[in-house]
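> have a look; sequence and predicted model below, questions after that.
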Amino acid sequence: MTEDLKTRVHDFWQANPCGAKFAEMQIGSREFFEAVEKHRYQTEWHIPEVVQFNRWRDKAVLEIGCGLGTDAINFARAGAHYTGVDLTERSIELVQRRFDFENLKGELRTADAENLPFADNTFDLVYSHGVLHHTPDTERAINEAHRVLKPNGQAMVMLYHKNSYNYRVNIMMLRRMGARLLAFNWGPAFVHGITGEDENRLRQLQEIYRSDKSKLLSRAEFLSQNTDGAGNPLARVYSRKEALQMFSRYREAHTQVHFLNKRWIPLIGRLLPRALEKTLAQRLGWHLWIIAKK
């Protein structure tokens, strides 16, 4: 059953490379990668602040789930000895193309986060942003990160935050109420007009709603379908306490919370100044970072 789920996770991300929807250019073109990077750091401006890419010059860095390679390319630009793994062949192909565009080197390979193909005590940093909540056994993947870290090495992992505005209010209240409008033929267009959500994605959700309403509206299924697109087979959320329990093998660990995506807040979201956005994100943000030492 777990392997079937992992196959579905692979197939979803193989068909929907993470972040590709934020660029209209031809996927895999230089312009595409530039647009993806611009969007990522305009929206998630905290990432360079937290990671401090230059800090990892000449260090062995492993990224679990390299996606489209936006953070990967910044590690490489900063002079890190970069290794990236991803469950999907498509991601590795795209990231390799991106490295080739900039004449940068990195080791890239397909691999399962729960069974990393590396020796013990190999890396100075294991980095994973928004990936491990999509694998069936998240704790096993975290323990694998611990195994391949050098003594005193650091892990930086971002998981979706349970006690966030996005989960508690946006997904589990506003979106679940809005989902009931999908019973009507006009529902996707109406919800699109109010929220700006992609109408094609809403029509996909409408099909799921009509085939099995109770399944879609269950908390676990609704979360998966409302994080990274309709058809996503698995997403989970964690509280700070739950996350730290999974890092119990590490010598020390602490959490930070970031990313209050303003477009998820009706009416006033886009008007929030960055200072207020940052303050709110520290308590109610969607991205729960765990920073730990082996």
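Done, it's in.

> going forward, measure contacts between C-alpha atoms and count neighbours the same way
Noted.

> where along the protein do the strands fall?
60-64, 81-86, 107-110, 123-129, 149-160, 252-258, 287-293 (DSSP state E).

> Ser218: which of those strands is closest?
strand 149-160 (18.1 Å; CA to CA).

> state the number of residues packed around Asp112.
As a burial measure, Asp112 scores 18 neighbours (other CA atoms under 10 Å).

> now do it, the pLDDT please.
Looking at Asp112, its pLDDT is 97.

> what sits against the nearest residue to it once chain neighbours are set aside?
Nearest residue to Asp112 in three dimensions, chain neighbours excluded: Leu87, at 5.5 Å (CA to CA, 6 or more residues apart in numbering). The neighbourhood of Leu87, defined by CA atoms under 8 Å, 6 or more residues apart in numbering, consists of 10, 65, 110-113.

> redo these as JSON lines? Include distance to Gly19.
Converted to JSON lines, the contacts of Leu87 look like this (distance: CA to CA, whole Å):
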{"residue": "His10", "distance to Gly19": "16"}
{"residue": "Gly65", "distance to Gly19": "12"}
{"residue": "Thr110", "distance to Gly19": "18"}
{"residue": "Ala111", "distance to Gly19": "20"}
{"residue": "Asp112", "distance to Gly19": "20"}
{"residue": "Ala113", "distance to Gly19": "20"}
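
> just the closest of those to Ala220, please.
For those, the nearest to Ala220 is His10 (18.8 Å; CA to CA).

> so what pLDDT did that closest one get?
For His10, pLDDT reads 96.

> thought it was touching Glu89?
No - between His10 and Glu89 there is no contact under CA atoms under 8 Å: 9.1 Å.

> neighbour-wise, which of the two wins?
Per other CA under 10 Å, whichever of His10 and Glu89 has more neighbours is His10, with 21 against 15.

> quick one: contacts for the more buried one?
By CA under 8 Å, 6+ apart, the neighbours of His10 are 87-88.

> Ala230 versus that one, what's the distance?
According to CA to CA, to the nearest Å, His10 and Ala230 sit 15 Å apart.

> one more: Ile142?
Ile142 is 27 Å from Ala230, by CA to CA.

> then Gln256?
28 Å.

> give me the number of neighbouring residues for Glu24.
If we define neighbours as other CA under 10 Å, then Glu24 has 11 of them.

> check Gln42 too.
The burial count for Gln42: 9, using other CA under 10 Å.

> picking up where we left off before, what about Gln256 and Ala230, which has more around it?
Per other CA under 10 Å, whichever of Gln256 and Ala230 has more neighbours is Ala230, with 20 against 16.

> quick one: that one and Arg203 touch, right?
No - the criterion here is CA under 8 Å, and Ala230 misses it with Arg203 at 9.1 Å.
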